[in-house]
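A.B. asks: Just a sequence and a predicted model for now, questions to come.
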Amino acid sequence: MFMSTFLIGSYCLTIMQIRLIGHVMGSMWVVKVYVLPYLWVNLWLVLITHLQHTDVNVPHFSANEWTWLKGALSTVDRDYGFLNGIHHHIADTHVVHHLLHRMPHYHAQEATAAVKKVLGKYYHVPSVSPGLKGIVEALWSSQTHCRFVEDEGDVLWYKNR
């Protein structure tokens, strides 16, 4: 009860502050300084999360077949080129994040190198180019080939029709 009341109060306070700043500085200033950066950051968060968990080679599991390890390995590391460093390597070390979620992120690259060797064929490697071109290719592939997950069997795969 306390937490929901606190969150609603925080939300209302934030809205009031934004409206006050908008009144003082102008609504276009708020759009440029707050709304557009907010949308930009959320675009990247949603895009990266979508591409980490959506690939034709990543299986899904029914309740009978699912285990924590199978679920943790049902993700993809993606190489975003120069963006890897800007994004603190959240995209190219995602598998290790699922396996060792309490590990500090600054060890993720070395842990990923070690985990790749241990996992072997169970480490999913996407077949797209690195960098921005790879982002576009992965998004195109996920949108054209990953329309739904079949509902028959214990190991389920993305389908496009």
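C.D. replies: Cool, got the structure.

A.B. asks: Only C-alpha atoms from now on, for both contacts and neighbour counts.
C.D. replies: Fine.

A.B. asks: What does the pLDDT read for the residue lying closest to residue 122 once chain neighbours are set aside?
C.D. replies: Counting by C-alpha to C-alpha, 6 or more residues apart in numbering, residue 73 is the residue found nearest to residue 122 once chain neighbours are left out, at 7.4 Å. On pLDDT, residue 73 comes in at 92.

A.B. asks: which ones are touching residue 73?
C.D. replies: 95, 98-99, 122-123 (C-alpha atoms under 8 Å, 6 or more residues apart in numbering).

A.B. asks: what helices or strands is the helix or strand hosting residue 117 leaning on?
C.D. replies: Element membership for residue 117 (DSSP states H and E) is helix 108-119. Applying 3 or more C-alpha pairs under 8 Å, 6 or more residues apart in numbering; DSSP states H and E, we find helix 108-119 packed against helix 94-99.

A.B. asks: Start from the N-terminal end of the chain and give the helices.
C.D. replies: For the chain, applying DSSP state H gives helices covering 2-25, 27-30, 36-53, 68-72, 83-86, 94-99, 108-119, 131-145.

A.B. asks: In the fifth one, which residues are buried?
C.D. replies: Translated: helix 83-86. residue 84 (16 or more other C-alpha atoms under 10 Å).

A.B. asks: Tell me the pLDDT of the most centrally placed residue in the chain.
C.D. replies: Nearest to the mean C-alpha position of the chain, by C-alpha atoms, centre = their mean, lies residue 49 at 1.4 Å. Note on residue 49: pLDDT of 92.

A.B. asks: got it, and the one 10 residues further on?
C.D. replies: Per-residue confidence (pLDDT) for residue 59: 90.

A.B. asks: I'd say it and residue 74 touch.
C.D. replies: Yes. At 6.2 Å, residue 59 counts as touching residue 74 under the criterion of C-alpha atoms under 8 Å.

A.B. asks: who wins for neighbours among the contacts of residue 73?
C.D. replies: Highest neighbour count within the contacts of residue 73: residue 95, with 27 neighbours (other C-alpha atoms under 10 Å).

A.B. asks: so what's that one up against?
C.D. replies: Contacts of residue 95 by C-alpha under 8 Å, 6+ apart are 72-73, 75-77, 112.

A.B. asks: and with 7 Å instead?
C.D. replies: Applying C-alpha atoms under 7 Å, 6 or more residues apart in numbering to residue 95 gives the contacts 73, 75-77.
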